[in-house]
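Chemist: Below are the sequence and a predicted model for it; my questions follow.
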Amino acid sequence: MSVLRARLSAILLAACLLFTGQTVTTPDRAAAADPGYLMAHFIGEGSTGQQIHFSHSTDGLNWRDLNGGGMTLRSTVGTRGVRDPALVRSPDGSRYWIIATDLCIGCGQNWDQAINDGSRNLVVWESTDLVTWSQPWLLNVAGAIPDGRNAWAPEAIWNPATNDYVLYWATNKPVNGVKKHRIYYARTRDFRSITTPQIYIERSGTQEIIDTQIVALPAGVGSHRYVRASGDGQITLEGSSSILGPWTHLGNLSGIGLTGAQVEGPMWMKFRDRNEWTLYLDQYASNRGYLPVVTTDPSASGTYRLPASGSYSMGGTKKRHGSILELTAAEESRVLARWADSPAKRLQSYNFPDRYVRHADFDVRIDQNITGPDAQFRLRPGLAGSGTVSFESVNYPGYYLRHSGYDFQLAHNDGTTQFAADATFRQAAGLADPTWSSFQSYNHPDRYIRHYAYQLRLDPITTATGRGDATFRVTS
């Protein structure tokens with residue numbers, strides 16, 4: 001009996017070892033179930049390239065454009081363009097902000113104007129869930145800097161020492177006869193009001209500094225609690241035990257062939273499953289967007305290495321100066337559902353087939369032969385109920401077709417129950433042709449979307465003319 005027990009014990013031990021070996025050698029299976037990363041960025045020039053775009057990655061190196069590569073937020077304030085977004089999460093995870101440069105090159109302003117007489121404001125959005133965002137507001141940060149000419153490339157980091165955020169950005173300003181960009185900082189709790197700006201980083205002589213981003217390191221990694229990377233002619237690394245300094249020079253990335261003449265917009269990302277970091281750098285000189293540089297110690301310049309060929313993919317759009325957030329499972333689920341790749345569609349009138357639904361100055365009508373983004377919508381799952389649809393504007397993401405007083409407008413989703421009900425419809429067989437579609441109001445089920453004198457309305461349908469007016473084709 002003891003021999004049998006010994007044999008059984010040996011078999012059980014071998015099985016346990018085999019099982020253990022299998023789990024150790026397949027870490028990718030567990031990692032694949034972990035939440036991924038969200039990048040907020042802009043993609044280039046023009047009125048739609050200089051807006052907020054989102055991308056997602058499961059591993060931090062291979063990225064997929066969200067929302068079909070289209071905008072996820074559009075600025076309607078200031079210059080009506082944004083660059084260099086920073087994505088900020090509150091310490092308790094209850095709030096999120098995006099802060100960005102108020103800048104739209106080629107949209108009525110050139111580089112010389114932006115440098116010497118640009119916007120003194122930052123553009124700010126706020127959210128409680130990463131998917132429904134407030135309308136943007138302007139935060140004047142450089143107006144309190146005497147003779148400050150602009151406000152560029154904002155970043156923010158929570159400072160546990162002062163229990164608020166350190167908000168920092170670049171402003172071009174003459175000091176002692178030298179006009180150049182310096183990094184200024186102020187403190188804030190809500191990105192609506194700030195303390196008096198102070199100089200944070202200044203380089204000697206005429207050397208400018210524009211882009212800076214700080215990463216916090218865990219205990220036991222590197223020689224400093226915080227490391228910042230800055231674009232100042234080099235990609236300079238500095239370390240400190242305090243966000244407000246003093247800071248120690250740690251070197252730069254010239255040893256791997258990367259200088260400020262080639263790259264800018266440093267963006268940190270910590271890998272979730274290991275003590276390894278990526279410093280993404282925007283290859284602006286060659287117009288190629290982000291490149292990941294990997295290190296096991298951000299404070300040691302000699303540990304950085306260029307990526308192997310084919311080891312990363314930036315997706316379909318060019319990723320430029322932005323910010324990365326490590327997602328929780330709940331955040332990832334919400335983000336991927338909200339920004340799913342829903343194709344852009346048009347709504348063609350049944351009885352005026354050369355006309356399509358479009359918005360103009362946020363009013364909604366049918367016009368002839370419209371093909372641009374003002375006539376394009378993404379049919380989203382209904383905001384108010386399952387089995388329904390809502391129409392989100394391609395040109396103004398976050399804005400939906402919504403009835404108010406039975407008239408239609410393109411309106412920003414304010415997150416209320418009333419808005420959701422007013423912007424939700426049931427797609428049914430066309431009242432004039434069952435191969436087309438009609439759209440019944442969710443909260444006024446006796447009424448349908450129809451056009452009247454080319455304007456969109458919500459009306460009861462009782463006549464043949466009304467049935468034709470209330471019938472549309474969803475088309476590309």
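Modeler: The structure has been received and is ready for your questions.

Chemist: ok, residues contacting the strand or helix carrying residue 122?
Modeler: If you go by DSSP states H and E, residue 122 is part of strand 121-127. Identification of contacts with strand 121-127 by C-beta atoms under 8 Å, 6 or more residues apart in numbering yields 52, 73, 75, 77-78, 82, 95-102, 133-143, 151, 154, 169, 191-192. The C-beta positions use only the backbone N, C-alpha and C, and glycine is treated the same way.

Chemist: so of those residues, which ones are in strands?
Modeler: Under the assignment DSSP state E, the contacts of strand 121-127 contribute 82, 96-102, 137-140, 154, 169 to strands.

Chemist: so which of those residues comes closest to residue 332?
Modeler: Using C-beta to C-beta, residue 96 comes nearest to residue 332 of the ones in strands among the contacts of strand 121-127, at 13.6 Å.

Chemist: what pairs with the nearest residue to that closest one once chain neighbours are set aside across the strands?
Modeler: Nearest residue to residue 96, sequence neighbours excluded (C-beta to C-beta, 6 or more residues apart in numbering): residue 127, at 4.6 Å. Note on residue 127: beta-bridge partners by DSSP bridges are residue 96, residue 133.

Chemist: Any idea how many residues pack against residue 127?
Modeler: Using other C-beta atoms under 10 Å, the number of residues around residue 127 comes to 16.

Chemist: separation between it and residue 108?
Modeler: Separation of residue 127 from residue 108 (C-beta to C-beta, to the nearest Å) stands at 29 Å.

Chemist: again, but for residue 381
Modeler: 37 Å.

Chemist: Settle it for me: which of these two has more neighbours?
Modeler: Remark: of residue 381 and residue 108, residue 381 carries more neighbours, 15 against 11, as counted by other C-beta under 10 Å.

Chemist: Can you go through the ones in strands among the contacts of strand 121-127 and name the buried ones?
Modeler: 82, 96-102, 139, 154, 169 (16 or more other C-beta atoms under 10 Å).

Chemist: now, which of these sits nearest residue 330?
Modeler: residue 96 (12.9 Å).

Chemist: Let me see the contact set for the closest one.
Modeler: Applying C-beta under 8 Å, 6+ apart, we find residue 96 in contact with 87-90, 126-130.

Chemist: Among those residues, name the buried ones.
Modeler: Applying 16+ other C-beta under 10 Å to those flags 87-89, 126-127, 130 as buried.

Chemist: okay if I get those as TSV plus pLDDT and distance to residue 412?
Modeler: Compiled in TSV, these are given as follows (pLDDT from 0 to 100; distance: C-beta to C-beta, whole Å):
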residue	pLDDT	distance to residue 412
87	98	20
88	98	21
89	98	23
126	98	13
127	98	13
130	97	17
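
Chemist: From those, pick the one nearest residue 259.
Modeler: The shortest gap between residue 259 and any of the buried ones among the contacts of residue 96 belongs to residue 87, at 26.9 Å (C-beta to C-beta).

Chemist: Show the contacting residues for the closest one.
Modeler: By C-beta under 8 Å, 6+ apart, residue 87 lies in contact with 38, 40, 96-98, 322-325.

Chemist: Please repeat the previous calculation with a cut-off of 10 Å.
Modeler: 38-41, 52, 54, 96-100, 125, 130, 156, 322-325 (C-beta atoms under 10 Å, 6 or more residues apart in numbering).

Chemist: what inclination does the helix or strand hosting it have with respect to strand 96-102?
Modeler: Here residue 87, judged by DSSP H and E, is contained in strand 82-89. Strand 82-89 and strand 96-102 meet at an angle of 160 degrees, taking axes from the mean of the first three to the mean of the last three C-alpha atoms, to 10 degrees as the criterion.

Chemist: Strand 82-89 pairs with which strands, and in what direction?
Modeler: In the sheet, strand 82-89 lines up against strand 96-102 (antiparallel) (DSSP bridges).

Chemist: Name the residues that touch the very next helix or strand once past the strand it pairs with?
Modeler: Sequence order places helix 111-117 as the next helix or strand after strand 96-102, per DSSP H and E. For helix 111-117, the surrounding residues in contact (C-beta under 10 Å, 6+ apart) are 79, 83, 101-105, 109, 118, 149-150, 152, 172, 179, 181.

Chemist: how about stretch 447-455: buried residues?
Modeler: Those would be 447-451, for stretch 447-455 by 16+ other C-beta under 10 Å.

Chemist: Mind checking which of these are in strands?
Modeler: Under the assignment DSSP E, the buried residues of stretch 447-455 contribute 448-451 to strands.

Chemist: Turn the residues you listed into a markdown table, columns for pLDDT and distance to residue 302.
Modeler: Putting those into a markdown table (pLDDT from 0 to 100; distance: C-beta to C-beta, whole Å) gives the following:
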| residue | pLDDT | distance to residue 302 |
| --- | --- | --- |
| 448 | 98 | 68 |
| 449 | 98 | 64 |
| 450 | 98 | 69 |
| 451 | 98 | 67 |
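
Chemist: Among those residues, which one sits closest to residue 297?
Modeler: The closest of those, once distances to residue 297 are taken by C-beta to C-beta, is residue 449, at 59.0 Å.

Chemist: what angle do the strand holding residue 87 and strand 121-127 make?
Modeler: For strand 82-89 against strand 121-127, the angle by the same axes, to 10 degrees is 40 degrees.

Chemist: Now for the residue lying closest to residue 235 once chain neighbours are set aside, how many residues are close by?
Modeler: Spatial nearest neighbour of residue 235, excluding adjacent residues (C-beta to C-beta, 6+ apart): residue 253 at 4.4 Å. Residues lying near residue 253 (other C-beta under 10 Å) number 24.

Chemist: So which bits of stretch 153-163 are buried?
Modeler: Buried-residue list, stretch 153-163, by 16+ other C-beta under 10 Å: 153-157.

Chemist: tell me how far the ends of stretch 315-328 are from each other?
Modeler: Using C-alpha to C-alpha, to the nearest Å, the end-to-end distance of stretch 315-328 comes to 22 Å.

Chemist: Buried residues, that stretch. List them.
Modeler: Neighbour-count burial for stretch 315-328 flags 315, 317-327 (criterion: 16+ other C-beta under 10 Å).

Chemist: repeat for stretch 461-476
Modeler: 461, 466-474.

Chemist: In those residues, find the pair that's most separated.
Modeler: Longest distance between any two of the buried residues of stretch 461-476 is 19.8 Å, between 466 and 474; criterion C-beta to C-beta.

Chemist: picking up where we left off before, would you mind writing the ChimeraX command to select the buried ones in the contacts of helix 111-117?
Modeler: The buried subset of these, as determined by 16+ other C-beta under 10 Å, is captured in ChimeraX by this line:
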select :79,83,101,102,103,104,105,109,118,149,150,152,172,181
